[in-house]
Structure formats: structure tokens, C-alpha cells
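Visitor: Pasting the sequence and the predicted coordinates here, then a few questions.
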Amino acid sequence: MIRGRRYDGNVKPSVFALSHRARSAADQPISYLMAEAVANPRLISLAAGLVDYDALPVDETAELLRDLLADTDRAQTALQYGTTEGFIELRQTLFQHLAAQDGVDPEAMPGSPESLLVTTGSQQLLHLLADLLIDPGDIVITAWPSYFVFTGALTAFGAEVRGVDLDEHGVIPEQLDALLAALQREGRLDRVKVVYLVTYHQNPTGLTLAAERKPAVMDIVKRYSIRHRILVIEDAAYRELTYEGEPPPSLLRHDPEHQHVALLQTFSKPFSPGLKTGYGLLPRELVDAAVMLKGGRDFGSNNLSQHLLLRAMQTGVFARHVERLRRTYARKRDVMLDALETHMPDGVTWTRPGGGLYVWLRLPESIDTSRGGPLFQRKLSLGVLGVPGAYCYPNDPTRTPPTHEMRLSFGVPGEADIREGVRRLAEAVKTHV
Ligand SMILES: Cc1ncc(COP(=O)(O)O)c(C=O)c1O
């Protein structure tokens, strides 16, 4: 089975006169790691951010598709072009889904189904929002570290990406305040356009922004929105994959006028990334501009996926699948935490995520986890991969990323491979402590 492509990590010089945008598009270092895993089947990859193959809803999708195509009217609508903003019935259902997750009636929810857009993965919506707001030299504030695919794209847009520290309760509001105050003193507050936060089981650390911190974050953003509104992109990609307790309400709950928060979610993690369908509830003043930009690019995301996902939600297939995933991933997380406890030497610490797909490992500062460092080669020779932590930090011109951390994912490998992968990793680490 082909599950990837060979990638040598080099960007080939082009005989074409590439645009500035193409030339500044960041190469994703993680593609190299993924290709390495494909090329070497003995390798246990704790690097890939993909979901569990065996937990994908194969039978459910076959049945949903069969039912959908058996209804000629529905089938013809689904196989036709849809609308730029997405299938309205799905948008209405997703609006209710967001309200239910926040524990409120849809009537009490800020916004409306009309301000909810369905996109080609949440990645497309992240990109659209950046395109709507960012000129070169504008500032985006995010966590330190953060979801590097998006922060890399922001850098390619010419944004100055600034990082604010996280602790076990998520991003630290006092630091956000201090950074905005410093930018104000420098006369650069007008360049701050976006605060981007992965608020549930963050990629890469697994940390969640605590409910108690959310009002403070919103107060700060509102206070510094002086000449224009600062947009808060709340990327809740892993919200449904919560294994312990109830996930806290979204930042949107603290933005009752819906002036600042774009709340983004996706079907990729809780159902299937192959359907590549994400969505977001935007402040209404951004909706028309976002739809226009999207219309000029694709005039609609995959319509068949949208019809299928609506059926999945209406029939309860989606909710049952999420329940199953929670049990599967909770077990895999426990296996990883247990293996770390068993094998890692003193001086190594890690996060204990209540959901998502990632554990963040901190090694002694003397151990360099980067691709050029000795640990990386040792890991490869022992047959295990993790993501070097430095890849996960935004390109903040004022800060230097630490080089002694690593992102581990329990998404793809089975329980036996997680155990063996962590054992190999610990063996590699022990040769360097
Ligand atoms: C934090 C975060 N946001 C967004 C995405 C994009 O996912 P998709 O475009 O498949 O919805 C990912 C994918 O890994 C992610 O980790």
C-alpha cells in the first residue's frame, strides 16, 4: 500500500521565475520525517501527526455513501457544485454542534449559521484569514511553541510572528499583556492583527487553555484593540478528542458581541482527514470578505464530503465514532505515558495531555534534538522518529527556540509500536545523558 511519497528534503531551484510568495513559502521540515517513515518500514514513527489508520470510519463511510447515492435527488445535488460558503444544512447543523459543545442553546450562541463557513480543511480557513488580514510587517501573536504549519505560512505571508510562553494551563495571559504593552510603547500596536491560539490539547504540546484564563485573554485582546479589532483565531482542531473531563467552553463564550473570535474546527481529527472538511464561525464583519476571497479560488469546497458529513451528524454516526476514537486514543495515550515512565531516565519530563494526539518531551538542556544533532542519528539507527522540538517554534525574530525538546505523537502507531518506539527513544536518550 502506498502511504506517502519519497521526499529528499531539498527544494529544487526552478527554471521558472517563481513569485515572491512561492519563493518565501516555507518548506515543511516534517515532510522529510514523514517520507523517512515511509521509506523505512522498520522505523517506528512517533513523528507523524496523522490519525490512527485502524480507527478510520471505513464501514460507516461506505454505508453513508451508499445511502446518499441511493437517493437520486440528494445524489445529484451532492455531485453538483455547491456554494462557496458551504452546504447550508450542514452549516446549520454545525452551528448547533458548536452551541452544544459550549453548553448553550443555539439562540444564545454568538453569531449565526450564516457566519459559519465550510472550507477545505481548517487549514484553508486559517490561510484565508491570514490572507484577509496580513500585510508584510504585520504582527501575529501565538504560543511559544505553536502549530508550525500555520506559523510557517504566516512567516511566508511576511508576518512577524511573536511567541508567548505556555505553562500547564496554556498560554500565560500576563505575558500576552506584557507583549502587547511593549508593542504599544514601540508604536507598533497598529501592526498587531491576529492572536492565534490552539486552545484544546495543543499541537505540539498537548496543553489546553484553562477555562479560568479565557476571560483574561479576551479582556486583554479587547483592551489593545484600539484603532482596529484584533482577531483571535481559536483553532479548536482537537476539541472533540478530549479523553478526560469536559473540555472548557470556547473563547467565543467570552465574546458575546462576537467581535473578535473566529472559532475553527475540523472533521479531520474526529472523523476523517481524507474528507478534508473544516469549518469556522467568523465575526460577521469578516464573512463577506472571506467568502469573496474563497469564491475567487474554489467557489466551494468538496460538496460530496459535506453531504456525507451532514448525514454522519444527523444519523448519530459522527457522535458514535467520536466516542470510539476517545476510547482508542485514551488507551494509546496511556500506553505512551506508561512507557515513558518505565523507560525514560531521570531528567526527562513530559506533558500529560487530556486529549489530542501529542506528548511534549523535555530532555536535559545539553541534549540537542535537532536534525543535525547526534540524538537524531542515534534515533534513526535504533529505528524511531520524533519531531525535533525546534521545528515547532514560530520564527520570532526576538527569541531563540530551545533545542532540547521533542514532539511525540501516538496517532498512527499501534499500542505495541508505541511501547517499543518509546523504549528505543529512551535507549537513544540514555546514550546522551
Ligand atoms: C492545530 C491544527 N490546526 C489545523 C490543522 C489542519 O487540519 P485540517 O486542515 O485537516 O482541518 C491541524 C492539522 O494537523 C492542526 O494540528
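Guide: Received, thanks.

Visitor: can you count the residues close to the nearest residue to Pro401 once chain neighbours are set aside?
Guide: Leaving aside its sequence neighbours, Pro401 sits nearest to Tyr393 (CB to CB, 6 or more residues apart in numbering; 3.6 Å). No exception for glycine: its C-beta is placed from N, CA and C like everyone else's. By other CB atoms under 10 Å, the residues close to Tyr393 number 23.

Visitor: Make sure Tyr393 is actually in contact with Ala143.
Guide: No. Counting by CB atoms under 8 Å, Tyr393 sits too far from Ala143 to count as a contact (9.7 Å).

Visitor: the strands in the stretch 201-350 of the chain, which residues?
Guide: Counting by DSSP state E, counting those that start in this stretch, the stretch 201-350 of the chain has strands at residues 231-235, 261-266, 278-281, 349-350.

Visitor: Could you pull up the residues touching the residue positioned nearest the centre of the chain?
Guide: Per CA atoms, centre = their mean, the C-alpha nearest to the average position across the chain is that of Ala237, at 5.2 Å. With contact set as CB atoms under 8 Å, 6 or more residues apart in numbering, Ala237 has these partners: Ser122, Val198, Tyr200, Asn203, Leu264, Gln265, Thr266, Ser268, Lys269.

Visitor: out of the residues you listed, who's near the ligand?
Guide: Residues of the contacts of Ala237 in contact with the ligand (CB under 6 Å from any ligand atom): Ser122, Val198, Asn203, Thr266, Ser268.

Visitor: Farthest-apart pair in the residues you listed, please.
Guide: Considering CB to CB, no two members of the ones next to the ligand among the contacts of Ala237 lie farther apart than Val198 and Ser268, which are separated by 13.6 Å.

Visitor: neighbour-wise, which of these two wins?
Guide: Applying other CB under 10 Å to Val198 and Ser268 shows that Val198 carries more neighbours, namely 28 against 19.

Visitor: so the more buried one bridges to which residues?
Guide: For Val198, the residues forming beta bridges with it (DSSP bridges) are Asp235.

Visitor: I'd like to know how many residues surround the residue lying closest to Asn395 once chain neighbours are set aside.
Guide: Nearest in space to Asn395, with sequence neighbours left out and distances taken as CB to CB, 6+ apart, is Thr155 at 4.7 Å. As a burial measure, the neighbour count of Thr155 was computed by other CB under 10 Å and equals 19.

Visitor: what's the overlap in contacts for Tyr393 and Ala143?
Guide: Residues within reach of Tyr393 and of Ala143 at once, by CB under 8 Å, 6+ apart, are Gly163.

Visitor: residue contacts, the spatially closest residue to Phe148 that is not a sequence neighbour?
Guide: Take Phe148 and drop its neighbours on the chain: the residue closest to it by CB to CB, 6+ apart is Cys392, 5.0 Å away. When contacts are counted by CB under 8 Å, 6+ apart, Cys392 touches Pro145, Ser146, Phe148, Pro204, Glu405, Arg407.

Visitor: Return the residues of the stretch 151-300 of the chain in contact with the ligand.
Guide: For the stretch 151-300 of the chain, the contact set with the ligand under CB under 6 Å from any ligand atom comprises Val198, Asn203, Asp235, Ala237, Thr266, Ser268, Pro273, Gly278.

Visitor: Skipping adjacent residues, who's closest to the last one in space?
Guide: Using CB to CB, 6+ apart and skipping the chain neighbours, the partner closest in space to Gly278 is Ser122 (3.2 Å).

Visitor: Check Ile226 too.
Guide: Nearest non-adjacent residue to Ile226, counting by CB to CB, 6+ apart: Leu189, 6.5 Å away.

Visitor: Surely that neighbour touches Tyr224?
Guide: Yes. At 6.2 Å, Leu189 and Tyr224 qualify as touching, with contact defined as CB under 8 Å.

Visitor: Now do the shared contacts for those two.
Guide: Common contacts of Leu189 and Tyr224, defined by CB under 8 Å, 6+ apart, comprise Leu180.

Visitor: and the longest helix for the protein?
Guide: Within the chain, and with DSSP state H defining each element, the longest helix by residue count is helix 317-343.

Visitor: which other helices and strands contact it?
Guide: Counting contacts by 3 or more CB pairs under 8 Å, 6 or more residues apart in numbering; DSSP states H and E, helix 317-343 is packed against helix 58-70, helix 303-314, strand 358-362, helix 415-430.

Visitor: of all those, which lies closest to the ligand?
Guide: strand 358-362 (8.8 Å; CB to the nearest ligand atom).

Visitor: Neighbouring strands - and their directions - for the closest one?
Guide: In its sheet, strand 358-362 lies beside strand 349-350 (antiparallel), strand 405-409 (antiparallel), with partners assigned from DSSP bridges.

Visitor: Mean neighbour count, distance to Leu310 and mean pLDDT added to the ones you listed, as CSV?
Guide: Listed next are the strands paired with strand 358-362 as CSV, based on neighbours: other CB atoms under 10 Å; distance: least, CB to CB, whole Å; pLDDT from 0 to 100:
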stretch, mean neighbour count, distance to Leu310, mean pLDDT
strand 349-350, 16, 39, 98
strand 405-409, 27, 30, 98
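
Visitor: Distance to Asp138 added to those strands, as CSV?
Guide: Rendered in CSV, the data for these read as follows (distance: least, CB to CB, whole Å):
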stretch, distance to Asp138
strand 349-350, 35
strand 405-409, 28
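
Visitor: Just put the ones you listed in TSV and tack on distance to the ligand.
Guide: Conversion of the strands paired with strand 358-362 to TSV gives the following (distance: least, CB to the nearest ligand atom, whole Å):
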stretch	distance to the ligand
strand 349-350	19
strand 405-409	10
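
Visitor: For the ligand, what is the nearest residue in the protein?
Guide: Of all residues in the chain, Gly121 sits closest to the ligand, with a separation of 2.5 Å (CB to the nearest ligand atom).

Visitor: Go through stretch 317-333 and flag the buried ones.
Guide: Applying a neighbour-count criterion of 16 or more other CB atoms under 10 Å, one finds Val317, Phe318, His321, Leu325, Arg326, Thr328, Tyr329, Ala330, Lys332, Arg333 buried in stretch 317-333.

Visitor: what ranges of the chain fall below the confidence cut-off?
Guide: 1-13, 26-30 (pLDDT under 70).

Visitor: what residues are up against the residue nearest to Glu427 when sequence neighbours are not counted?
Guide: Here the nearest residue to Glu427 in space, its sequence neighbours aside, is Leu382; by CB to CB, 6+ apart that works out to 5.9 Å. Contact criterion CB under 8 Å, 6+ apart gives Arg424, Leu425, Glu427, Ala428 as the residues in contact with Leu382.
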